[in-house]
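Compute the structure for the input listed below.
(one chain, ligands or ions: 3)
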Amino acid sequence: MSDASLPTPPAGGAKITKQPGGLNVPDRPIVPFIEGDGTGPDIWRASVRVLDAAVAKAYSGKKKIEWMEVLAGEKAFNATGNWLPDATVDACRDYLVSIKGPLTTPVGGGIRSLNVALRQMLDLYVCLRPVRWFEGVPSPVKKPGDVNMTIFRENTEDIYAGIEFEPGSADAQKVLDFLQKEFPKSFDKIRFGTQDKIDAWDKQLQGIGMPARASKVQVGVGIKPVSYQGTERLVHSAITYAIITGAKSVTLVHKGNIMKFSEGAFRDFGYQVARESFGAVELDGGPWHVIPEGKPGAGIVIKDAIADAFLQQILLRPKEYDVVATLNLNGDYLSDALAAQVGGIGIAPGANINYVTGHAVFEATHGTAPKYANQDKVNPGSVILSGEMMLRYMGWTEAADAIIAAMDKAIGSKRVTYDFARLMDGATEVKCSEFADEIIKHL
Ligand SMILES: NC(=O)C1=CN([C@@H]2O[C@H](COP(=O)(O)OP(=O)(O)OC[C@H]3O[C@@H](n4cnc5c(N)ncnc54)[C@H](OP(=O)(O)O)[C@@H]3O)[C@@H](O)[C@H]2O)C=CC1
Ligand SMILES: O=C(O)CCC(=O)C(=O)O
Ligand SMILES: [Mg+2]
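Ligands and ions are numbered 1, 2, ... in the order given. Down below sits the predicted model:
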């Protein structure tokens with residue numbers, strides 16, 4: 001590990017710590033931040049000014065965040081030769097609460113996702129992504145105000161666990177050989193798992209005039225673990241959140257008709273958690289459940305939906321859903337789709353949280369949007385609202401409320417970044433930094 005990766009704790013700041021029932025937040029907490037790749041630096045520069053201004057205004061200078069930069073992604077690699085230095089992970093662990101910009105992940109080969117790695121290393125099992133509409137934001141749907149959902153995406157399991165074997169590699173062949181020996185019926189379901197099957201297919205192709213090919217076995221294999229404990233902690237968090245916020249329902253979104261023992265298990269585990277931890281009972285013979293009278297959250301319906309149907313339902317009948325609990329990959333797709341319904345991922349915030357240890361890393365739903373890097377152009381709203389979630393998590397609700405109110409007014413002023421301006425009648429396009437100025441003006 002190079003020394004360049006070691007952060008310098010700001011003098012005068014103190015650590016946030018976990019205490020029973022919540023966090024202990026000093027008046028000058030040290031909060032590590034990762035600037036991010038691509039548009040990350042532009043967005044962070046704009047966002048940090050809004051967060052600081054909101055805190056200064058809300059507490060008249062009595063409270064202040066002491067920011068501590070930690071390196072990850074391209075900036076870390078250039079400075080240290082390491083994409084995700086241990087010192088960065090250690091800082092996020094030691095200081096409990098941190099915030100990050102997006103980090104690039106190459107498609108196919110290359111490094112695995114640093115974003116996913118950080119979530120796994122800190123066991124941040126909930127990816128919390130609230131989706132709401134701000135008055136005036138242009139949207140492709142008729143009634144964007146009907147969308148008010150909170151996604152609880154499982155953050156540590158599923159295909160994102162990263163247990164994958166490269167097509168044509170010796171390891172992939174080992175896995176295929178194991179399946180062939182131990183689970184021959186399952187192996188037989190792999191359409192092109194043996195040379196015989198490939199040759200037979202090539203022959204069919206030649207039958208319709210295609211030239212002969214010398215193709216080999218090349219099967220990429222991924223493993224999709226879904227455990228009871230992983231599901232339990234996610235669904236428990238979602239139902240608890242529904243109780244605290246007075247939500248009407250929690251919907252378990254899965255593709256359990258096809259992936260019976262992974263996504264189907266998620267649904268069954270979810271209902272089990274509802275019954276065993278919250279006393280829910282079957283509604284009209286099941287499978288939906290309801291929390292009965294006399295229990296906290298009485299009346300909350302725990303239901304489920306198959307992911308493909310759910311994606312059309314959220315467009316047609318969004319009012320029927322509020323808290324959503326789902327697996328890692330579904331949650332990834334759903335977050336962007338729902339964000340688009342309320343105006344795009346320019347204002348889609350998120351948090352990765354372990355409610356047991358208190359560790360939390362706040363980050364936008366969007367990625368690095370590399371084509372706009374260093375143009376001071378994109379919407380900083382997602383990171384600003386992720387910061388708002390962070391302030392709320394820290395108990396600094398006055399500052400968080402001030403940001404929401406100012407964001408509302410800034411959007412109302414129609415001085416907005418390109419993503420909104422291109423769809424909003426009578427809007428003036430402003431830069432990323434200028435949109436931050438607009439929010440600060442309304443604090
Ligand atoms: N948590 C993380 O750090 C994440 C990282 N990534 C990584 O980011 C990289 C790029 O991913 P990509 O698939 O292009 O997805 P991105 O989310 O980075 O960008 C896709 C499109 O979304 C719009 N967009 C994104 N951010 C903003 C913003 N702040 N304001 C306004 N519009 C925005 C732009 O749309 P338009 O073109 O219409 O203007 C952009 O072209 C990949 O390496 C990916 O792995 C992706 C997601 C999350
Ligand atoms: O890690 C990445 O690069 C992408 C992750 C992602 O899309 C997400 O978490 O929403
Ligand atoms: Mg995503």
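
Give me the distance between the closest residue to ligand 1 within the stretch 251-400 of the chain and Val301.
Closest residue of the stretch 251-400 of the chain to ligand 1, C-beta to the nearest ligand atom: Gly367 (2.3 Å). Any C-beta I mention is one placed from the backbone N, CA and C, and that applies to glycine too. Using C-beta to C-beta, to the nearest Å, we find Gly367 at a distance of 34 Å from Val301.

which ones are touching the residue of the stretch 301-443 of the chain found nearest ligand 2?
Scanning the stretch 301-443 of the chain for the residue nearest ligand 2 gives Asp332, at 4.6 Å (criterion: C-beta to the nearest ligand atom). For Asp332, the contact set (C-beta atoms under 8 Å, 6 or more residues apart in numbering) comprises 153, 160.

I figured the residue of the stretch 251-400 of the chain closest to ligand 1 hits Val107, correct?
No - Gly367 is not in contact with Val107 according to C-beta atoms under 8 Å; the separation is 11.6 Å.

Between those two, point out the one with more neighbours.
Set Gly367 next to Val107 and count neighbours by other C-beta atoms under 10 Å: Gly367 wins out with 19 against 5.

residue contacts, that one?
Gly367 touches 38, 102, 104, counting by C-beta under 8 Å, 6+ apart.

swap the cut-off to 7 Å and go again
Pro102 (C-beta atoms under 7 Å, 6 or more residues apart in numbering).

that's a strand at it, yeah?
No - assigned with DSSP: H, G, I helix; E, B strand; the rest coil, Gly367 falls outside any strand and is coil.

Residues in a beta bridge with Ser98, which ones?
Val361 (DSSP bridges).

surely it meets Ile16?
No - the criterion here is C-beta atoms under 7 Å, and Ser98 misses it with Ile16 at 9.7 Å.

between the two, who's got more neighbours?
Using other C-beta under 10 Å as the criterion, Ser98 and Ile16 rank with Ser98 on top: 27 against 21.

For Gly73, see how far away that one is.
14 Å.

Ala309 now?
37 Å.

Which one of those two is surrounded by more residues?
Neighbour comparison, Ala309 and Gly73: the larger count goes to Gly73, with 26 against 11 (by other C-beta under 10 Å).

do you know how far the more buried one is from Cys432?
In terms of C-beta to C-beta, Gly73 sits 19 Å off from Cys432.

Ala340 too?
In terms of C-beta to C-beta, Ala340 sits 20 Å off from Cys432.

higher neighbour count, those two?
Set Ala340 next to Cys432 and count neighbours by other C-beta under 10 Å: Cys432 wins out with 23 against 16.

my read: the more buried one touches Thr417, true?
Yes - counting by C-beta under 7 Å, Thr417 is a contact partner of Cys432 at 6.2 Å.

Show me the common contact partners of these two, please.
377-378.

what about Ile345, how many residues close to it?
22.

actually Thr240, sorry about that
Thr240: 18 neighbours (other C-beta under 10 Å).

quick check, it in a helix?
Yes - per three-state DSSP, Thr240 lies within a helix segment.

what's the pLDDT at it?
Note on Thr240: pLDDT of 98.

what does Ile302 give?
Ile302 is given a pLDDT of 98.

can you give me the strands in the stretch 51-200 of the chain?
66-69, 97-100, 126-132, 148-154, 164-165 (DSSP state E, counting those that start in this stretch).

Contacts for stretch 40-57, please.
By C-beta under 7 Å, 6+ apart, stretch 40-57 touches 33, 35-36, 63-65, 67, 101-102, 368, 374, 376, 378, 380, 383-384, 387, 396, 399, 402-403, 432-433, 435-436, 439-440, 443.

Next, see if that stretch gets close to ligand 2.
No - with C-beta under 6 Å from any ligand atom as the criterion, ligand 2 is not reached by stretch 40-57; the gap is at least 12.2 Å.
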